[in-house]
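1. Test case, fold it:
(one chain, ligands or ions: 1)
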Amino acid sequence: MAKIIDGKKISDDIKETVKQEVLALNSKGILVGLAVVIVGDNQASRVYVNSKKKACETLGIHSTEYALKAETSQAELLELVDELNNNPDINGILVQLPLPSHIDEKKIIESISPIKDVDAFHAANVGKIMIGDYDFLPCTPAGCMELIRSTGVNISGKTCVVVGRSNIVGKPMAMLLLHESGTVTICHSRTTNLTEMCKTADILVAAVGKAKIITAEMVKEGAIVIDVGMNRDENGKLCGDVDFDEVSKVAGYITPVPGGVGPMTIATLMKNTVIAAKMQESMK
Ligand code: NDP
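-> Numbering: from 1, shown residues only. Okay, the predicted model is just below:
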């Protein structure tokens, strides 16, 4: 049976370190602030935003929520981001995605000052990640890397397969594995031999958004399986992209959903907010 990678515990350890860093900054008179912007009433976005705000509260980070109506225009949102870019009390800006369809997400992301872009979605930060010289790491992939490291398995030389090629998870995930000298393959919806590709993986990361798409026959004996997916199964229960019950009989290590990648995403966001505060302080 696979060992379960406890994302909750690992994220708690990261958050404890962040808390100490916030306290150290506070003792020098420096406050840490995160602006959380949510547009519309997407239920999942509301849950994510609440978790992020709660984490801020526990760690001593000041979070300010900007809850905007679904009809908010792109110009109004750009204006708010501009205000936040210029607000010295705000170190990090998080615009919760997805945005309503009349707003161009790319334009909004590009309007966030790169030094306040704690999600690391801005092209300037993506480029830095590409060349391995970054300030912030994207929250979910960075969280996955911590989970992989927690197994003690050295990524160097391992066959890594990432299923999913989104800009926020799949692509940066592949890049981080490559930086650690993994041999990386990215699969997506046009991949014709998904089962065979996945089966080669010593480290398999699933970021698809389809309940239980990764089955036991796709997993190599002893592999590390990281499940990014957040889906609902046929009974409405939260589940990942991996068929946990069956895959855990084959894998060496596996992350649960919930309690795996999710809490790591939030912990990395908190870490990035402190990095942003320190960076901005050093620029004064
Ligand atoms: P996207 O929808 O942006 O990307 C999904 C990717 O999966 C695409 O690249 C798509 O391929 C690929 N894909 C779709 N169907 C298949 C298939 N049948 N076989 C192989 N690949 C396929 O999703 P995200 O990357 O934003 O998110 C992925 C999942 O992770 C979602 O469930 C999301 O909720 C979850 N998530 C969880 C987070 C957490 O903190 N735990 C944070 C962020 C996301 P193509 O490009 O060809 O369309």
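2. residues from the stretch 1-150 of the chain in reach of the ligand?
-> For the stretch 1-150 of the chain, the contact set with the ligand under CB under 6 Å from any ligand atom comprises Thr140. The way it works is simple: take the backbone N, C-alpha and C, and place the C-beta from them, glycine included.
3. now the strands: where do they sit in the stretch 1-150 of the chain?
-> 3-4, 33-39, 62-68, 92-95 (DSSP state E, counting those that start in this stretch).
4. so can I have a markdown table of the ones you listed showing mean neighbour count?
-> Output for the strands of the stretch 1-150 of the chain, formatted as a markdown table (neighbours: other CB atoms under 10 Å):
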| stretch | mean neighbour count |
| --- | --- |
| strand 3-4 | 14 |
| strand 33-39 | 23 |
| strand 62-68 | 16 |
| strand 92-95 | 26 |
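5. can I get those strands in CSV with mean pLDDT?
-> Formatted as CSV, the strands of the stretch 1-150 of the chain follow (pLDDT from 0 to 100):
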stretch, mean pLDDT
strand 3-4, 98
strand 33-39, 98
strand 62-68, 98
strand 92-95, 98
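6. shouldn't Val162 be in contact with Thr191?
-> No - the pair Val162 / Thr191 is not scored as a contact, 11.0 Å apart, by CB atoms under 8 Å.
7. more crowded one of those two?
-> The residue with more neighbours, out of Val162 and Thr191, is Val162; 30 against 16, by other CB atoms under 10 Å.
8. Look up phi and psi at the more buried one.
-> Torsion angles at Val162 (phi, psi; degrees, to the nearest 10) stand at phi -110, psi 120.
9. For it, give me the pLDDT.
-> Predicted confidence (pLDDT) for Val162: 99.
10. Enumerate every residue touching it.
-> By CB atoms under 8 Å, 6 or more residues apart in numbering, the contact list for Val162 reads Gly170, Met173, Ala174, Leu177, Val184, Thr185, Ile186, Cys187, Val205, Ala207.
11. hmm, back to that, Val118: which of the strands of the stretch 1-150 of the chain is closest?
-> Evaluated over these, closeness to Val118 peaks at strand 92-95, with 3.6 Å, by CB to CB.
12. what's that closest one in contact with?
-> For strand 92-95, the surrounding residues in contact (CB under 8 Å, 6+ apart) are 33-37, 39, 52, 77, 81, 84-85, 108-109, 112-113, 116-119, 269, 272-273, 276-277.
13. try stretch 139-150
-> Under CB under 8 Å, 6+ apart, the answer for stretch 139-150 is 5, 7, 10-11, 14, 118-120, 137, 155, 168-169, 172-173, 175-177, 180, 203, 205, 207, 224, 226, 228, 255, 260-261, 263-269, 272.
14. Same question for stretch 206-220.
-> The list of residues contacting stretch 206-220 from outside it, by CB under 8 Å, 6+ apart, reads 140, 162-164, 166, 169-170, 173, 194-195, 198-202, 204, 225-234, 239-243, 246-247, 249-251.
15. make it 7 Å
-> Here stretch 206-220 makes contact (CB atoms under 7 Å, 6 or more residues apart in numbering) with 162-164, 166, 169-170, 173, 195, 198-202, 204, 225, 227-229, 231, 233, 239, 241-243, 246-247, 249-251.
16. Turn the strands of the stretch 1-150 of the chain into CSV, columns for distance to Leu147.
-> Formatted as CSV, those follow (distance: least, CB to CB, whole Å):
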stretch, distance to Leu147
strand 3-4, 11
strand 33-39, 23
strand 62-68, 25
strand 92-95, 22
